[in-house]
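Participant: model this:
(2 chains, ligands or ions: 2)
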Amino acid sequence: MTTEYFRWTEYAWKNPDKDWQKADTLVAGIDVGSVSSQAVVLADDEIYCYSNARTGSNSPDSAKNALGMALKDTDIKQENLQFVVGTGYGRVNIPMSNKAITEIACHARGANYMGGPTIRTILDMGGQDLKGIHCDERGKVTQFLMNDKCAAGTGRGMEVMAELLQVPIVDVGQMSLDVEEEPPPVSSTCVIFAKSEAIGLLRKGWTKNMVLAAYCSAMAHRVVGLLERIGIEKDFTITGGISKNIGVTSRILKELKVDSVPLKPDPQIAGALGASVFARDLLLKSRK
Amino acid sequence: MFNRLLRRLVILPGYIANYGYTDGSGDYYIIVDTDKCDGCGKCVEACPQDILEIITDDYDDLVVTVKEEHSKNLKYVCAPCKPVSGPVELKCQIACPSGAITHSW
Ligand code: SF4
Ligand code: SF4
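Facilitator: Ligands and ions are numbered 1, 2, ... in the order given. As a prediction, the model looks like this:
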């Protein structure tokens, strides 16, 4: 079998300290993105369990799969969920959801939940798009910008690069930092051009680490250019899959000269978590 | 109307939406200030390229948005409204009674 370098491991987590049977509200948020899908279950206002899975060929199955993974080690049945909100690019196609909300609103809400009320700027680096979002102290969006024109500088672009250089995708960030000197960024973040440029650089004798460094800094530079349009207000944080690539994030922070607030437990669940917080609000509102 | 205004001012201010993209040649964004937009639809009717639509947003307000399939090629779809020389008068902007729409280019 050939190695698939772009593969990352799917995972699920369950809160050991919480008994969902005692919770007054039990709701879920499901985020079906272009590359990965997440599900978060909220018992009252605490995260009960969550998952991060690869998106399959269609949204309904991907949603089912993500929710199934999150519930796997619990005794919660789908019928126990009192309200479900769907978000992400496949949101209109999630059969078990009671309402669809855009990922922009959900990411802001999720980042606010994890990072606290001081978060003002969120950079979401997803599988196929980039978003810059400003929000207020309650996690309500005050400005946003979305860029999905091409896969450049996104998770998908990174996957292509990992595959080309035959480097496991989770190692890309660290490897790109293990260089003696920062090489100039590749001139193009467009997946197609960057690929041929990378091949050229390898031929010239560049190490894999140097090519990765050049690619990560090109990506960081592109993201910073995008964010300049809406500006950075502190506190700043990064969500989405690429937020786990230290090679890209450290270069973004360096260029922007800001720190980012770490999101616990997981910056990749911000969308699904935000959706679950909306679900709880909507449920409580419907009871009144 | 009054309710709506009150909600906007006191409880739920709107947001600024940037639809579009940045590419090698520049920034192409249509910017909607949802505090000013009440979803009346006049701009939708005025746009000769039919790229705008009215939606109910996440916070249950009627607002205008750029259709998704057009937000990736604004430079080209809006080109007929933007002569290379002479004054630029965009039909969407003229139609809007509250000045909610701006363009970045
Ligand atoms: S500039 Fe012209 S084509 Fe573009 S949105 Fe306005 S009216 Fe429509
Ligand atoms: S004309 Fe102005 S207020 Fe009316 S929908 Fe368009 S942007 Fe909104």
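Participant: for chain A, what are the nearby residues on chain B?
Facilitator: B:12-13, B:15-19, B:21-23, B:27, B:29, B:57-59, B:71-72, B:104 (Cβ under 8 Å from any Cβ of the partner chain). Glycine gets a C-beta too; all of them are placed from N, C-alpha and C.
Participant: recalculate using a threshold of 7 Å.
Facilitator: Within reach of chain A by Cβ under 7 Å from any Cβ of the partner chain, chain B has these residues: B:Tyr15, B:Ile16, B:Ala17, B:Asn18, B:Tyr21, B:Thr22, B:Asp23, B:Asp27, B:Asp58, B:Lys72.
Participant: tell me where the chain has helices.
Facilitator: Since no chain was named, I'll use chain A. Here chain A has its helices, by DSSP state H, at A:59-71, A:103-115, A:155-165, A:172-177, A:191-203, A:208-228, A:246-256, A:270-287.
Participant: chain B was what I was after
Facilitator: B:2-6, B:42-46, B:74-77, B:91-95.
Participant: buried sites along the third one?
Facilitator: The one in question is helix B:74-77. B:Leu74, B:Lys75, B:Val77 (16 or more other Cβ atoms under 10 Å in any protein chain shown).
Participant: which strands and helices sit next to that helix?
Facilitator: strand B:26-33 (3 or more Cβ pairs under 7 Å, 6 or more residues apart in numbering or on different chains; DSSP states H and E).
Participant: can you name every helix or strand that the helix or strand of chain A with the lowest mean pLDDT contacts?
Facilitator: Least confident helix or strand of chain A, by mean pLDDT, DSSP states H and E, is helix A:191-203 with a mean of 77. Here helix A:191-203 touches helix A:155-165, helix A:208-228, going by 3+ Cβ pairs under 7 Å, 6+ apart.
Participant: what angle do helix A:208-228 and the first one make with each other?
Facilitator: Looking back up the chat, that one is helix A:155-165. Orientation of helix A:155-165 against helix A:208-228 (axes from the mean of the first three to the mean of the last three Cα atoms, to 10 degrees) gives an angle of 170 degrees.
Participant: and for helix A:155-165, what are the contacting residues?
Facilitator: Residues from elsewhere that reach helix A:155-165 (Cβ atoms under 7 Å, 6 or more residues apart in numbering or on different chains): A:5-6, A:35, A:126-128, A:151, A:168-169, A:172, A:189, A:191, A:195, A:198, A:208, A:211-212, A:215, A:241-242, A:245.
Participant: what's the answer for the longest one, then?
Facilitator: In this structure, residues lying in contact with helix A:208-228 by Cβ under 7 Å, 6+ apart are A:123, A:130, A:132, A:147, A:152-153, A:161, A:165, A:167, A:172, A:175-176, A:178-179, A:182-186, A:189, A:194, A:198, A:201-202, A:247-248, A:251-252, A:255-256, B:22.
Participant: show me what contacts the closest residue to ligand 2 within the stretch 101-250 of chain A?
Facilitator: Residue of the stretch 101-250 of chain A nearest ligand 2, by Cβ to the nearest ligand atom: A:Gln143 (16.2 Å). Residues in contact with A:Gln143 (Cβ under 7 Å, 6+ apart) are A:His134, A:Ile230, B:Tyr15, B:Ile16.
Participant: widest-spaced pair of those residues?
Facilitator: Between any two of those, the greatest separation by Cβ to Cβ is 10.9 Å, found for A:Ile230 and B:Tyr15.
Participant: looking at those two, which one has more neighbours?
Facilitator: B:Tyr15 (26 against 19; other Cβ atoms under 10 Å in any protein chain shown).
Participant: excluding covalently adjacent residues, which one is nearest to B:Leu90?
Facilitator: Leaving aside its sequence neighbours, B:Leu90 sits nearest to B:Cys81 (Cβ to Cβ, 6 or more residues apart in numbering or on different chains; 5.3 Å).
Participant: give me the neighbour count for the nearest residue to A:Met175 once chain neighbours are set aside.
Facilitator: Spatial nearest neighbour of A:Met175, chain neighbours left out: A:Asn209 (5.0 Å); criterion: Cβ to Cβ, 6+ apart. Neighbour count of A:Asn209, defined by other Cβ under 10 Å: 20.
Participant: need phi/psi at the residue of chain A most remote from its centre.
Facilitator: Distance from the centre of chain A peaks at A:Lys204, with 34.4 Å (Cα atoms, centre = their mean). With angles defined as degrees, to the nearest 10, A:Lys204 sits at phi -70, psi -10.
Participant: relative to ligand 2, how far out is A:Val84?
Facilitator: Relative to ligand 2, A:Val84 is positioned 31 Å away (Cβ to the nearest ligand atom, to the nearest Å).
Participant: next, count neighbours for that residue.
Facilitator: 25.
Participant: so it touches A:Ala100, yeah?
Facilitator: No - between A:Val84 and A:Ala100 there is no contact under Cβ atoms under 7 Å: 10.2 Å.
Participant: rewinding a little: and the pLDDT for the residue of the stretch 101-250 of chain A closest to ligand 2?
Facilitator: With respect to pLDDT, A:Gln143 has a value of 94.
Participant: one more: A:Thr249?
Facilitator: With respect to pLDDT, A:Thr249 has a value of 89.
Participant: tally of neighbours for it?
Facilitator: Neighbourhood size, A:Thr249 [other Cβ under 10 Å]: 21.
Participant: kindly report the same for B:Thr34.
Facilitator: Per other Cβ under 10 Å, the neighbour tally for B:Thr34 reads 24.
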